[in-house]
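Engineer: Starting from these lines, generate the structure:
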Amino acid sequence: MKAVVNYAPEPCSVELREIAEPAPRAGEVLIRVRAVGVCGSDLHQYHGTHSWKVNYPVVLGHEFAGVIEAIGEGVEGWQVGDRVVCETAAFICGQCAYCRTGRYNLCPQRLGFGYGTHGAMARYVRAPARVLHRLPDDLTFEEGAMTEPCCVAAHAVIELSCPKPGDLIVVFGSGPIGLLCLQMAKLFSPRMVILVALSTDGERLRIAESVGAAPILCADRDDVEGFVRRASDGLGADLVIDAVGSSAVLEPCLQVVRPDGQITKVGWGPEPLGFSLDPLVGKNVRLQGSFSHTWGTWERVLTLMRTGKLTLAPMRRLFPLAEWRAAFHAMETRQAVKSMLIPE
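Structural biologist: This next block holds a predicted model:
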């Protein structure tokens, strides 16, 4: 079968290759992939700018939905033909303190699809039955493939940030995670959610408006700190979400957060900071990292999607699997928020 393979750590070491079709092992199912999203982490691996270990060669793709094609030994409760979405924790040890307390996203031995084990940018992917969730019949496969980034945003905002009605919230980043964090924040009836983007984000700015972003500030053009102070009581934002893949963004986050406020960092950035963290101390600010998600996050998000609480369609742009380069390019050039590949 054809698959988008990241075969080496050097930049641009990704190509469409012919690989063997997988077969489910004990405790696993084989999924016929119907839609798979392109993540910023896929782009980082493509350019060799990632900060995590990759088991080369590996098929990219961890945001996917599909249909069970075959079932391995010992799998119960699932049938061939079931429509599913799949968590990203392809392997966990099951024995550490985090696994035993349900926080397996923090398992030190965790391996995810698309970097630790083969992902879903292919016709088939195999997955352990423990990470499956049923895709409701009233959600499309394209919607299902967006469950994972929605869960990243939900874990960051709902589970780790706990915004309150009336809060002033600032979201940095007009990419998929930024726009989904914005939508999660708006569920809490905040005073205002401000999106901070770049004037060069182009089409993404129009898409951001279509999913409810207002106001939108451009960090390279507008006085973001001044606007936030005028919109608040002069002290700044209660909550700031960093959804940008650059370490430097933490500095303006520290500028706009209020004393005793919170910054939740979702975006990866391998670069050194290059600035002082004294404002973090002087303002008594809580800096919260957010990684991945767990079972409850997925069930919560599927409910939000079914009940129409999230606006997802404007964010998607579909490409055949063979046009993966165009899909990557569309995201890199800000022509799309979420490129999605459809295997033949």
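
Engineer: Doesn't S41 belong to a helix?
Structural biologist: Yes. With DSSP: H, G, I helix; E, B strand; the rest coil as the criterion, S41 is located in a helix.

Engineer: And it, how close does it get to V157?
Structural biologist: 19 Å (CB to CB, to the nearest Å). (Each C-beta comes from the backbone N, C-alpha and C, glycine too.)

Engineer: Counting neighbours, go ahead and name the busier of the two.
Structural biologist: Between S41 and V157, V157 has the larger neighbour count (other CB atoms under 10 Å), namely 28 against 19.

Engineer: Three-state assignment for the residue lying closest to the more buried one once chain neighbours are set aside, please.
Structural biologist: Nearest residue to V157 in three dimensions, chain neighbours excluded: M184, at 3.9 Å (CB to CB, 6 or more residues apart in numbering). With three-state DSSP as the basis, M184 sits in helix.

Engineer: Return the residues in contact with M184.
Structural biologist: Neighbour list for M184: 153-154, 156-158 [criterion: CB atoms under 8 Å, 6 or more residues apart in numbering].

Engineer: can you do 10 Å?
Structural biologist: For M184, the contact set (CB atoms under 10 Å, 6 or more residues apart in numbering) comprises 150, 152-159, 161, 163, 169, 171, 193, 241, 301, 304, 309-310.

Engineer: Just the buried ones among the residues you listed, please.
Structural biologist: Taking 16 or more other CB atoms under 10 Å as the criterion, what is buried in those is 150, 152-159, 161, 163, 169, 171, 193, 241, 301, 304, 310.

Engineer: Work out for me the element the residue nearest to L235 when sequence neighbours are not counted sits within.
Structural biologist: Excluding the flanking residues, the one nearest L235 by CB to CB, 6+ apart is R258, at 4.3 Å. Element membership of R258, judged by DSSP states H and E, is strand 257-265.

Engineer: again, but for C99
Structural biologist: helix 97-100.

Engineer: And the helices in the stretch 101-250 of the chain?
Structural biologist: Counting by DSSP state H, counting those that start in this stretch, the stretch 101-250 of the chain has helices at residues 141-144, 147-154, 176-186, 203-210, 224-231, 250-256.

Engineer: Columns mean pLDDT on top of those helices, output as CSV?
Structural biologist: CSV is the format used below for the helices of the stretch 101-250 of the chain (pLDDT from 0 to 100):
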stretch, mean pLDDT
helix 141-144, 98
helix 147-154, 98
helix 176-186, 98
helix 203-210, 96
helix 224-231, 98
helix 250-256, 98
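
Engineer: So which of the ones you listed is nearest C12?
Structural biologist: Closest approach to C12 among the helices of the stretch 101-250 of the chain is made by helix 176-186 (22.4 Å; CB to CB).

Engineer: Dump that closest one to CSV, restricted to CA.
Structural biologist: Extracted C-alpha coordinates of helix 176-186, given in CSV (Å, rounded to 0.1, in the frame of the first residue of the first chain):
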residue,chain,number,x,y,z
PRO,A,176,-5.8,24.6,14.2
ILE,A,177,-4.9,24.3,17.9
GLY,A,178,-5.2,28.0,18.5
LEU,A,179,-8.7,28.2,16.8
LEU,A,180,-9.9,25.1,18.7
CYS,A,181,-8.6,26.5,22.0
LEU,A,182,-10.5,29.7,21.2
GLN,A,183,-13.7,27.8,20.7
MET,A,184,-13.2,25.8,23.9
ALA,A,185,-12.6,29.0,25.8
LYS,A,186,-15.8,30.5,24.5
